[in-house]
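Student: sequence isn't available, so here's the structure alone:
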């Protein structure tokens, strides 16, 4: 539950928007730019929430309306978000892996490392399929190819949210904290970013999360 809460806090605090902006400079210039952005954001967000449901609700509520506004078909938009959300339980931290590891006595850190490369490969595969479908359906890029200055600015704004998955993965695999403690740390980190660093997590938004 704490991993899901961490993802919800980041979404309510507008931190997900920073990940969307960074994803835009990475892949927004490609064919089907908004769809490509949705996949990359799902990869980043999977490293925070560990849940497909949290991934789909956070990214879908943000990007499906934008995709429909840009003349993407509704069925394509929904299917893309659902497919990309599958990376949530595969890219670490993964809530199902924590449950399986705890019940069967398997190394959760080992499970996390085992899911990292397959999760990333799923993302790249989705991007390739999306590119082909976007050419067939006439979906256009979301933005122009970024300048170095725009890339640096987007990376700087997304740097602290991007640290969350790294902190979680390194902490668990090195034994600094347990997977359960990692959920608490992810939540505390989200509260710190939203409440003190960016000051965008109002009491109302905190209550919603």
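Tutor: Received it, and whenever you're ready, just let me know what you need. Treat the numbers as computed from the prediction; the structure is a model and nothing was measured.
Student: okay, buried residues for stretch 106-121 please.
Tutor: Neighbour-count burial for stretch 106-121 flags 108, 109, 111, 112, 114, 115, 116, 119 (criterion: 16 or more other C-beta atoms under 10 Å). C-beta here means a position set from N, CA and C on the backbone, and glycine is covered the same way.
Student: residues contacting the first one?
Tutor: The reference is to residue 108. Taking C-beta atoms under 8 Å, 6 or more residues apart in numbering, we find residue 108 in contact with 97, 98, 101, 102, 172, 179.
Student: out of the buried residues of stretch 106-121, flag the one nearest to residue 133.
Tutor: Residue 133 lies nearest to residue 119 out of the buried residues of stretch 106-121, by C-beta to C-beta, at 21.3 Å.
Student: now do the contacts for the closest one.
Tutor: Counted by C-beta under 8 Å, 6+ apart, residue 119 has contacts 43, 46, 87, 90, 91, 92.
Student: change it to 6 Å
Tutor: 87, 90, 91 (C-beta atoms under 6 Å, 6 or more residues apart in numbering).
Student: who wins for most neighbours among the residues you listed?
Tutor: residue 91 (29 neighbours; other C-beta atoms under 10 Å).
Student: surely that residue touches residue 46?
Tutor: Yes: counting by C-beta atoms under 6 Å, residue 91 does reach residue 46; the two are 4.0 Å apart.
Student: in space, what's closest to residue 42 - neighbours in sequence excluded?
Tutor: residue 84 (3.7 Å; C-beta to C-beta, 6 or more residues apart in numbering).
Student: what helix or strand does the one residue sitting closest to the centre of the chain sit in?
Tutor: The structure's the chain has its C-alpha centroid closest to residue 45; by C-alpha atoms, centre = their mean the separation is 1.6 Å. Following DSSP states H and E, one finds residue 45 within helix 33-49.
Student: got the contact list for that helix?
Tutor: Counting by C-beta under 6 Å, 6+ apart, 3-4, 6-7, 19-20, 23-24, 26-28, 30, 55, 59, 63, 67, 70, 80, 84, 87-88, 91, 123, 126-127, 130, 141-142, 164-165 sit against helix 33-49.
Student: distance-wise, check the residue nearest to residue 32 when sequence neighbours are not counted relative to residue 140.
Tutor: Among residues not flanking residue 32 along the chain, residue 134 sits closest, at 2.7 Å (C-beta to C-beta, 6+ apart). Noted for residue 134: a distance of 8 Å to residue 140, by C-beta to C-beta, to the nearest Å.
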